[in-house]
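# sequence unknown, structure follows:
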(Lines give C-alpha, C1' and ligand atoms only; values in the text may rest on other atoms or scores of the structure.)
Protein backbone atom coordinates (compact mmCIF):
# COMPACT_ATOMS: atom_id res chain seq x y z
CA UNK A 1 0.00 0.00 0.00
CA UNK A 2 1.30 3.45 -0.91
CA UNK A 3 1.44 5.76 2.09
CA UNK A 4 -0.68 8.90 2.32
CA UNK A 5 2.25 11.29 1.81
CA UNK A 6 3.17 9.66 -1.51
CA UNK A 7 -0.49 9.61 -2.57
CA UNK A 8 -0.69 13.34 -1.80
CA UNK A 9 2.50 14.00 -3.81
CA UNK A 10 1.15 12.05 -6.81
CA UNK A 11 -2.14 13.99 -6.74
CA UNK A 12 -0.19 17.26 -6.52
CA UNK A 13 1.87 16.25 -9.57
CA UNK A 14 -1.27 15.47 -11.58
CA UNK A 15 -2.77 18.86 -10.62
CA UNK A 16 0.47 20.75 -11.31
CA UNK A 17 0.63 19.24 -14.80
CA UNK A 18 -3.01 20.29 -15.40
CA UNK A 19 -4.19 16.72 -15.88
CA UNK A 20 -7.54 15.23 -14.89
CA UNK A 21 -6.01 11.76 -14.90
CA UNK A 22 -2.51 10.38 -15.00
CA UNK A 23 -1.15 6.86 -14.91
CA UNK A 24 2.07 6.98 -12.88
CA UNK A 25 4.80 4.39 -13.42
CA UNK A 26 6.99 3.71 -10.38
CA UNK A 27 9.12 0.90 -9.03
CA UNK A 28 9.58 -0.15 -5.40
CA UNK A 29 13.28 -0.78 -4.68
CA UNK A 30 14.45 -3.60 -2.40
CA UNK A 31 15.23 -0.86 0.13
CA UNK A 32 11.56 0.14 0.22
CA UNK A 33 11.88 3.41 -1.75
CA UNK A 34 9.69 4.34 -4.71
CA UNK A 35 11.39 5.47 -7.91
CA UNK A 36 9.31 7.60 -10.28
CA UNK A 37 9.62 6.78 -14.01
CA UNK A 38 6.90 8.71 -15.81
CA UNK A 39 3.30 9.89 -15.85
CA UNK A 40 1.07 9.04 -18.81
CA UNK A 41 -1.87 11.41 -19.36
CA UNK A 42 -3.81 8.64 -21.09
CA UNK A 43 -2.27 5.54 -19.57
CA UNK A 44 -3.93 2.14 -19.31
CA UNK A 45 -6.11 1.46 -16.30
CA UNK A 46 -8.38 -1.47 -17.21
CA UNK A 47 -6.03 -4.03 -15.64
CA UNK A 48 -6.29 -2.12 -12.34
CA UNK A 49 -10.09 -2.18 -12.56
CA UNK A 50 -10.03 -5.94 -13.17
CA UNK A 51 -7.53 -6.63 -10.37
CA UNK A 52 -9.15 -4.39 -7.74
CA UNK A 53 -12.82 -4.32 -8.67
CA UNK A 54 -12.85 -0.49 -8.56
CA UNK A 55 -15.17 0.89 -11.29
CA UNK A 56 -12.52 3.03 -13.00
CA UNK A 57 -14.18 2.87 -16.44
CA UNK A 58 -17.36 4.36 -15.00
CA UNK A 59 -15.39 7.08 -13.21
CA UNK A 60 -13.42 7.89 -16.38
CA UNK A 61 -16.60 8.08 -18.48
CA UNK A 62 -18.29 10.35 -15.91
CA UNK A 63 -15.24 12.62 -15.84
CA UNK A 64 -15.16 12.87 -19.63
CA UNK A 65 -18.88 13.58 -19.81
CA UNK A 66 -18.66 16.28 -17.15
CA UNK A 67 -15.90 18.03 -19.14
CA UNK A 68 -17.80 17.73 -22.42
CA UNK A 69 -19.20 21.25 -22.38
CA UNK A 70 -15.93 22.87 -21.27
CA UNK A 71 -13.59 23.95 -24.07
CA UNK A 72 -10.05 22.68 -23.75
CA UNK A 73 -6.93 22.58 -25.88
CA UNK A 74 -5.40 19.13 -26.43
CA UNK A 75 -2.40 19.41 -28.74
CA UNK A 76 -3.62 20.39 -32.19
CA UNK A 77 -7.14 19.22 -31.37
CA UNK A 78 -9.75 21.53 -29.84
CA UNK A 79 -12.80 20.08 -28.09
CA UNK A 80 -15.90 22.25 -27.61
CA UNK A 81 -19.34 20.90 -26.66
CA UNK A 82 -18.44 17.40 -27.83
CA UNK A 83 -17.18 18.53 -31.26
CA UNK A 84 -13.62 17.86 -32.35
CA UNK A 85 -11.91 20.33 -34.67
CA UNK A 86 -8.60 19.28 -36.17
CA UNK A 87 -6.82 20.72 -39.21
CA UNK A 88 -9.97 22.30 -40.63
CA UNK A 89 -12.16 19.22 -40.21
CA UNK A 90 -15.02 19.08 -37.73
CA UNK A 91 -16.75 15.96 -36.43
CA UNK A 92 -18.75 14.87 -33.41
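Yep, that arrived. Note that the structure is a prediction, hence the values are computed from the model and not measured.
# let me see the ranges of the strands in this structure.
For the chain, applying DSSP state E gives strands covering 23-28, 34-40, 72-74, 77-80, 83-86, 89-91.
# and the spatially most central residue of the chain, how far from residue 42?
Ranked by distance to the mean C-alpha position of the chain (C-alpha atoms, centre = their mean), the top residue is residue 21 at 1.9 Å. Distance check for residue 21 against residue 42: by C-beta to C-beta, to the nearest Å, it reads 8 Å. Yep, even glycine has a C-beta here, placed from its N, CA and C like the rest.
# before we move on, what about residue 9?
As for residue 9, its distance to residue 42 is 21 Å (criterion: C-beta to C-beta).
# show me whatever sits in contact with both of residue 21 and residue 42.
Jointly contacting residue 21 and residue 42 under the rule C-beta atoms under 8 Å, 6 or more residues apart in numbering is no residue at all.
# and residue 65, how many residues sit next to it?
As a burial measure, the neighbour count of residue 65 was computed by other C-beta atoms under 10 Å and equals 10.
# sketch out the low-pLDDT regions of the chain for me.
Flagging of the chain using pLDDT under 70 yields the residue ranges 67-92.
# can you rerun that using 80?
The model of the chain has pLDDT under 80 over residues 1, 20-21, 42-43, 45, 63-64, 66-92.
# ok, residue 55 - contacts?
With contact taken as C-beta under 8 Å, 6+ apart, residue 55 is in contact with residue 49.
# got the contact list for the residue lying closest to residue 45 once chain neighbours are set aside?
Nearest non-adjacent residue to residue 45, counting by C-beta to C-beta, 6 or more residues apart in numbering: residue 56, 5.0 Å away. The contact partners of residue 56, taken as C-beta under 8 Å, 6+ apart, are 45, 46, 48, 49.
# ok, these vs residue 3, which is closest?
residue 48 (18.5 Å; C-beta to C-beta).
# what's the local residue count around the closest one?
Counted with other C-beta under 10 Å, residues neighbouring residue 48 total 13.
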